[in-house]
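Q: 3D, please:
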Amino acid sequence: MNSPSSPGPYDGTAQEGPPAGCPLSSGAPGGTTRLYGPEASADPYGIYAGLRKRYGAVAPVLLEGDVPAWLVLGYRENRRVLDNPRQFTRDSRIWRDWEEGRIEPTSPLVQMVGWRPDCVSQDGEPHRRLRGAVTDNLQALAGRGIRRHVTHFANKQIDAFAGTGRADLVAQYAEYLPMLVLTRLFGLAEGEGRRLATSCAEVIKGGEDALHHNDVIMRVLAELAERKRDEPGSDFTTGLIEHPAGLDEDEILSHLRLVLITAHTTTSNLLARVLQLLLTHRSHLSGLISGQLNISAVVEEVMWNTPPLAVCPGRFATADLELGGQHIKTGDLLVLGLTAGNLDPEIRPDAGVSVQGNQAHLAFSGGPHECPGQNVGQAIIETAVDVLLHRLPGLRLATPAGELTSTASTWESRLDRIPVEFVPQGAGV
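A: Below is the predicted model of the structure:
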């Protein structure tokens, strides 16, 4: 539920937007490059490279609805923003374009950068209190047989196609497996998994249906929280309800939403990318099967080159300042180019050089808001890959590697499909 002072439903009348490419407010970044739409979806890497060449480490861009923002492209500049919440707050209540009524309450951006009573939207002591509740419960989950749950659902997914000798590892495996695990960890019915996975993906993708799908998620979670008050269990939902931090109803629902959306979308995307790397680089696959290569090293490489969130929303300047040669105004929105920062030629002049053993990537963001669910995501991916490789001997791509395609939104780039072939197997293990 949104605070009355937060991006969400509000009493002011939204103004008609300006012409495309026109700055929305005085002092706002005046770029004309859109991070959404057909061109951005087809070639986000080309967009990042073009912006870096023209502007340097920080570039003015337009988000959905031609809302102005700064895209942080440089690795060091991303680190500065992530590590300095006093200069770059996560609290969108100071977002100038919101305060001055230029953001429609139905804008899909509200689902990604709008204020909510959760730890991501706040800094300082409120952030520490709420993040502590999330972190404590995620750590408890990581120690409660999560790999057993992944193994169960991975085998169940594989059973559905094992006898055919063919599959699409995006649609039939990576796209839904993390959500099925999360339903178990949250105390949800397994049957809710596919609907929630679809809705989470639509919220991240943005567009006109984002608000509807967010409402679907919130209705399911509200019913879950109500049930868990009457029927507590050893699950993430009960843990939030009973945590000593004393979260109120809005805080509980907001954190259930936050963890569900981010954990599923990032883990499903990362799992697909790990499978892509293994199947397009046979040396990686053979090294993993032989035990000469550790799965964590493969995941690490993917997080450097294709992090699950390409662009991380968002931070807001608390004062006029300079960043990457650009003059940032108080209340300006900044979005963090995690992919662009990881590929910054200032720190990686040769992107083809191995980064094995180097964990300084931006894939989990950083600073006080660094992703607290890394261990859970890692456990899901490692177990999912292990089960798949053991169940499907002879696993190989059924199409040339160069024909694998991706579709990007503002925030992420997702593989469309991974068609594979393998020796047909009987169901079950």
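Q: what about the helices in the stretch 301-429 of the chain?
A: For the stretch 301-429 of the chain, the helices identified by DSSP state H, counting those that start in this stretch occupy 338-342, 374-391, in order along the chain.
Q: and these, which is most packed in?
A: helix 338-342 (a mean of 26; mean count of other Cβ atoms under 10 Å). Yep, even glycine has a C-beta here, placed from its N, CA and C like the rest.
Q: who's in contact with that one?
A: 44-45, 48, 52, 71-75, 77-78, 303-307, 309-312, 348, 361-363, 365, 413 (Cβ atoms under 8 Å, 6 or more residues apart in numbering).
Q: select, out of the helices of the stretch 301-429 of the chain, the one closest to Q139.
A: Distances from Q139 to each of the helices of the stretch 301-429 of the chain were compared by Cβ to Cβ, and the smallest falls on helix 374-391, at 7.5 Å.
Q: just how off-centre is the closest one within its chain?
A: Distance of helix 374-391 from the chain centroid (Cα atoms, centre = their mean, to the nearest Å) equals 18 Å.
Q: quick revisit: can you tell me which of the helices of the stretch 301-429 of the chain the model trusts least?
A: Ranked by mean pLDDT, the helices of the stretch 301-429 of the chain end with helix 374-391 in last place, scoring a mean of 93.
Q: which stretches in the stretch 201-350 of the chain count as strands?
A: 311-317, 321-323, 326-328, 333-337 (DSSP state E, counting those that start in this stretch).
Q: for the third one, packing partners?
A: Read that as strand 326-328. strand 58-63 (3 or more Cβ pairs under 8 Å, 6 or more residues apart in numbering; DSSP states H and E).
Q: quick check: angle from whichever helix or strand comes after the strand it packs on to strand 333-337?
A: Scanning forward in sequence from strand 58-63 by DSSP states H and E, the next helix or strand is strand 67-72. What separates the directions of strand 67-72 and strand 333-337 is an angle of 40 degrees, with axes from the mean of the first three to the mean of the last three Cα atoms, to 10 degrees.
Q: could you spell out the sheet neighbours of strand 67-72, each with its direction?
A: With DSSP bridges as the criterion, the sheet partners recorded for strand 67-72 are strand 58-63 (antiparallel), strand 333-337 (parallel).
Q: quick one: contacts of the longest one?
A: Strand 58-63 is touched from outside by 20-21, 29-36, 51-52, 68-74, 77, 109, 323-326, 328, 333-335, 410, with contacts defined as Cβ under 8 Å, 6+ apart.
Q: and it, how far out from the chain's middle?
A: Per Cα atoms, centre = their mean, the displacement of strand 58-63 from the mean C-alpha position of its chain is 20 Å.
Q: so what's the residue count around the residue lying closest to N375 once chain neighbours are set aside?
A: The shortest distance from N375 to any residue other than its chain neighbours is 4.6 Å, reached at A142 (Cβ to Cβ, 6 or more residues apart in numbering). Other residues within reach of A142, judged by other Cβ atoms under 10 Å, total 18.
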